[in-house]
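Undergrad: output the structure for:
(4 chains)
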There are 4 protein chains.
Amino acid sequence: MTDDPLVIAGTALGSRLVMGTGGAPSLLALEGALVASGTELTTVAMRRVARPRPGGDGASGDTSVWAMLERLGIRALPNTAGCFSARDAVLTARLAREACGTDWVKLEVIADDVTLLPDPLGLVEAADALVRDGFVVLPYTNDDPILARRLEDVGCAAVMPLGAPIGSGLGILNPRNIEAIATASRVPVVLDAGIGTASDAAVAMELGCDAVLLATAVTRAADPVRMARAMRLAVEAGYQAARAGRIPRRERAVASSSPDGRIAAGALPGNLDLAL
Amino acid sequence: MTDDPLVIAGTALGSRLVMGTGGAPSLLALEGALVASGTELTTVAMRRVARPRPGGDGASGDTSVWAMLERLGIRALPNTAGCFSARDAVLTARLAREACGTDWVKLEVIADDVTLLPDPLGLVEAADALVRDGFVVLPYTNDDPILARRLEDVGCAAVMPLGAPIGSGLGILNPRNIEAIATASRVPVVLDAGIGTASDAAVAMELGCDAVLLATAVTRAADPVRMARAMRLAVEAGYQAARAGRIPRRERAVASSSPDGRIAAGALPGNLDLAL
Amino acid sequence: MTDDPLVIAGTALGSRLVMGTGGAPSLLALEGALVASGTELTTVAMRRVARPRPGGDGASGDTSVWAMLERLGIRALPNTAGCFSARDAVLTARLAREACGTDWVKLEVIADDVTLLPDPLGLVEAADALVRDGFVVLPYTNDDPILARRLEDVGCAAVMPLGAPIGSGLGILNPRNIEAIATASRVPVVLDAGIGTASDAAVAMELGCDAVLLATAVTRAADPVRMARAMRLAVEAGYQAARAGRIPRRERAVASSSPDGRIAAGALPGNLDLAL
Amino acid sequence: MTDDPLVIAGTALGSRLVMGTGGAPSLLALEGALVASGTELTTVAMRRVARPRPGGDGASGDTSVWAMLERLGIRALPNTAGCFSARDAVLTARLAREACGTDWVKLEVIADDVTLLPDPLGLVEAADALVRDGFVVLPYTNDDPILARRLEDVGCAAVMPLGAPIGSGLGILNPRNIEAIATASRVPVVLDAGIGTASDAAVAMELGCDAVLLATAVTRAADPVRMARAMRLAVEAGYQAARAGRIPRRERAVASSSPDGRIAAGALPGNLDLAL
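TA: Now for the predicted structure:
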């Protein structure tokens, strides 16, 4: 879609929109949204279930999610959602590697189940352990440029700062921090959490992010397929705008046309013509 | 491009991006940007010139702009840029009608050449006069919902509120006003002036505008063709997002996945599976 | 309170906080708030009542408001609240002049009772008529710098732009417009409507306003007297800050202390001392 | 000044404005500003100097700063400015304790000398070590609510989140984070860094902070004494406003006066009266 692919840990992805599956009303709705989004990478949460479900019903997630992603050619990115300590996150990542056959992991170490904010100390600890264990680690982090640098320093393959709390739909609360992270980072920066609508995704890309990760902004929209399409367009729009060299912000008005030859400026003779 | 066309005064337009020609470095660059933008309606300024230019060089605008628009199948929308009174604007509109063979006019009555802000009183006066004279009037106005209503009341075919001063690139300074205008208006609302980059155009559409008009954000970008493409995508993204029913903004985090069956939640037996 | 008085139409006022009486739960609460605010100018609404109330109960406003203002030495500023046309506003102003014995009037011409926004055309018309009739006119206007200039041109003694819709408590939605009005105006600029809390009032003054007018932010606060005190302090804080020459906004950090002689910078000998 | 004192580690302070000395043009200017600010707690940086200066000149900081603070009855709060590691910060704190005779320390562990942002990991490490060593630790931290909680957990006596980068004067970039920290914290929250003008300080208090720390906003203002006075008033205004129970923000206008009895509403008989 974009001019050059997103490359994470040597793997090229044709889309800069990373999707999550959380919040989808049904497997069918999810499939439609994923296809409309054009995503090539989608996070999935691991859960224990009482027993394998033969058919699965889609409403609560099951092996058919896996099958669907395979069928659509979308790479699955297991996450460690629901982990409140580095230890739990490392354990979950290892189980996911076994279950899913991928060493990529979206690392979440959540501080508590009210704010759902990342625990910065546990996050660095877990990232460090997983990198040493051979994982390709994509950590969900706060928007602190220094923490992003630490995560990069321990060997993460990307950094994924939040724009706003998970599920809030508030967009990017501190654009300067996101821009600082994107400017300084040598690994891809994926804006993760907070996206509410299409313009938020465009802003993320304009600030220099390499990709956008979102779930409920699409899955819980009134029309998930249409919103997925909107997000796909917005990510591409922001990507192009970031590379097109925008005009500077100015506090004063600037005329677009020259005032020369104004019709109304008096008695100037001359033929009427179009001006650039 | 979008699902349903933009209809102004009974005329359907396939694109919701209205372009201006001001600020283009050359006729060639302008043509590339117009094509990339997908626009079907483009404003042009009328000027007096010493004599008709046989060939024209494109750098200062000339009959070749007209020819180019014709060749590209883009409707020309003459404006009254540079008019500082209702009288001058009405005169300019009439001359443009003669010269261009169209009764559509982008009405500008500018208060002064520093702020380039619309003169609200002169604007209503000129709009009223031109509507009575058979024009299809598209007025460039400030973001006051009441003035927008007055312009609609006198018979304007659209209202075109500013997001920020002309050429400032500051985006939409008072989104609530733009949303109020879009919500109340029975004629199309075109966000005019202030757009700096793609996300600004997406925001305009998400606020309920029917189209976006911009010039220098594209013509003075480092890469006008690429920015034109970005704007085209952004307008479409915002249009789709506005119709997809976005998630509400919430002050608190909301988990996207159910916490049931967390791997790390203890000694629960069970098989590992993917969760929605 | 402030270093130099606010002067409107030749009259010096010792406080730059103009109060309104609307929304007060009782006459007693209003009195406490007015005293705490330090105001010397307070708007009052004129109403027809079935008959003069001998004692008055304070809950619905009555002659005792008038008596109270007189007792407190606060100048009454009759307004034309509830007027939806220039004609009604002019009539109301004239009745108020008779009833109150003052030719000062806060001019409101409201477009409708949902938005409560000013009607720009009716406002200029009424202001012009009242100035010609000898009134000292203080018009409640939108935040359009051009309309403010028109009101000044017809002879208004001040201009009173809104920060946000009446009663919204949203603060100042378009600070650039307020600053532009304050910078250009030769008559006092009073921020009117939209103030929600103390910092909003400070911002208004920092943007260059000469005074702040507010009512429900105080009268409907949980503790009106305390909020009145907060507003008094905030107006004074903003006034002083505007004159103290603030530091510029910078996109990059700037150290406050010199790094010379850092203790931790190595084996430098020397005595320990305090640094500026 | 405020109704109840700020209490840090059992010590009551009569002012909620904490000053820094960095950036002062001269000792005399600093003294004037400190007095005008009403502060009772002021941060000082420790430096090595070649030899004790007998008299001191004030321009570069010296023992006379110490003497001045003693004379003014202002408590000195040594900081660890210029420390880029936990180890350096701990060392500096210990030297300051010896030199200044106070176990209070403003803990700074700075990540680098470009961003001047706190290093979250080093900060927690140093805070933990200093608390164990008997210090009263007031850490300068980023605006992450989770990091603030960790600092509180290790026993800090206050948490001091930044509003924006040091010296930027950008105000509070992410008010939600500051509010979340203030709401959750059981120790005093002092907004530190980013303040540019008076309204920023008022906002900090309205968001629930217990105090505001600033230096260059005053010391580098054109008129430091006047800005110090503005800050004192603004902190008090914000403190009172936070306790006065502000009106809610509303998206729609709300009339302050009842429309009953509008003069202009027709031919209603009745006497003219003032309305609340």
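Undergrad: show me the contacts for A:Ile247.
TA: Residues near A:Ile247 by CB atoms under 8 Å, 6 or more residues apart in numbering or on different chains: B:167, B:169, B:196, B:216-217, B:220-221. Glycine gets a C-beta too; all of them are placed from N, C-alpha and C.
Undergrad: widest-spaced pair of the residues you listed?
TA: Pairwise distances among the contacts of A:Ile247 were taken by CB to CB; the largest, 12.7 Å, belongs to B:Gly167 and B:Ala221.
Undergrad: could you pull out the helices for the stretch 51-200 of chain A?
TA: Under the criterion DSSP state H, counting those that start in this stretch, the stretch 51-200 of chain A contains helices at A:63-72, A:86-100, A:120-132, A:145-153, A:175-184, A:198-206.
Undergrad: export the ones you listed as JSON lines, with columns for distance to chain B and mean neighbour count.
TA: Formatted as JSON lines, these follow (distance: least, CB to the nearest CB, whole Å; neighbours: other CB atoms under 10 Å in any protein chain shown):
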{"stretch": "helix A:63-72", "distance to chain B": "5", "mean neighbour count": "16"}
{"stretch": "helix A:86-100", "distance to chain B": "3", "mean neighbour count": "20"}
{"stretch": "helix A:120-132", "distance to chain B": "12", "mean neighbour count": "22"}
{"stretch": "helix A:145-153", "distance to chain B": "18", "mean neighbour count": "23"}
{"stretch": "helix A:175-184", "distance to chain B": "10", "mean neighbour count": "20"}
{"stretch": "helix A:198-206", "distance to chain B": "4", "mean neighbour count": "32"}
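Undergrad: show me where pLDDT drops low in the stretch 51-200 of chain A?
TA: Regions of the stretch 51-200 of chain A meeting the criterion pLDDT under 70 cover residues A:51-63.
Undergrad: what residues does it put near chain D?
TA: Contact residues (CB under 8 Å from any CB of the partner chain) of the stretch 51-200 of chain A with chain D: A:111, A:115, A:117-121, A:124, A:142, A:144-147, A:149-150, A:164, A:170, A:173-174, A:176-177, A:180.
Undergrad: isn't A:Arg229 up against A:Leu34?
TA: No. Counting by CB atoms under 8 Å, A:Arg229 sits too far from A:Leu34 to count as a contact (11.6 Å).
Undergrad: so who does the closest residue to A:Leu233 other than its chain neighbours touch?
TA: The shortest distance from A:Leu233 to any non-neighbouring residue, by CB to CB, 6 or more residues apart in numbering or on different chains, is to B:Ala237 (3.7 Å). For B:Ala237, the contacting residues are A:198-199, A:201-202, A:230-231, A:233-234, A:237, B:202, B:205, by CB under 8 Å, 6+ apart.
Undergrad: again, only using 6 Å
TA: A:198, A:230, A:233-234, A:237, B:202 (CB atoms under 6 Å, 6 or more residues apart in numbering or on different chains).
Undergrad: in chain A, which helix is the longest?
TA: Counting by DSSP state H, the longest helix found in chain A is helix A:224-244.
Undergrad: now do that one and helix A:175-184, the angle between them.
TA: Relative orientation of helix A:224-244 with respect to helix A:175-184: 60 degrees, computed using axes from the mean of the first three to the mean of the last three CA atoms, to 10 degrees.
Undergrad: what is the mean pLDDT for helix A:224-244?
TA: Predicted confidence along helix A:224-244 averages 97 (mean pLDDT).
Undergrad: send me that helix as PDB with only the CA atoms.
TA: Output in PDB follows, covering the C-alpha atoms of helix A:224-244 (Å, rounded to 0.1, in the frame of the first residue of the first chain):
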ATOM      1  CA  PRO A 224     -16.500  -2.100  11.800                       C
ATOM      2  CA  VAL A 225     -15.900  -2.800   8.100                       C
ATOM      3  CA  ARG A 226     -16.300   0.800   7.100                       C
ATOM      4  CA  MET A 227     -14.100   2.000  10.000                       C
ATOM      5  CA  ALA A 228     -11.500  -0.500   9.000                       C
ATOM      6  CA  ARG A 229     -11.500   1.000   5.500                       C
ATOM      7  CA  ALA A 230     -11.300   4.500   7.000                       C
ATOM      8  CA  MET A 231      -8.300   3.500   9.100                       C
ATOM      9  CA  ARG A 232      -6.500   2.000   6.200                       C
ATOM     10  CA  LEU A 233      -6.900   5.200   4.200                       C
ATOM     11  CA  ALA A 234      -5.900   7.300   7.200                       C
ATOM     12  CA  VAL A 235      -2.700   5.400   7.800                       C
ATOM     13  CA  GLU A 236      -1.800   5.800   4.200                       C
ATOM     14  CA  ALA A 237      -2.800   9.500   4.200                       C
ATOM     15  CA  GLY A 238      -0.600  10.200   7.200                       C
ATOM     16  CA  TYR A 239       2.300   8.200   5.800                       C
ATOM     17  CA  GLN A 240       2.200  10.200   2.500                       C
ATOM     18  CA  ALA A 241       1.700  13.500   4.300                       C
ATOM     19  CA  ALA A 242       4.700  12.900   6.500                       C
ATOM     20  CA  ARG A 243       6.800  12.400   3.400                       C
ATOM     21  CA  ALA A 244       5.400  15.300   1.400                       C
END
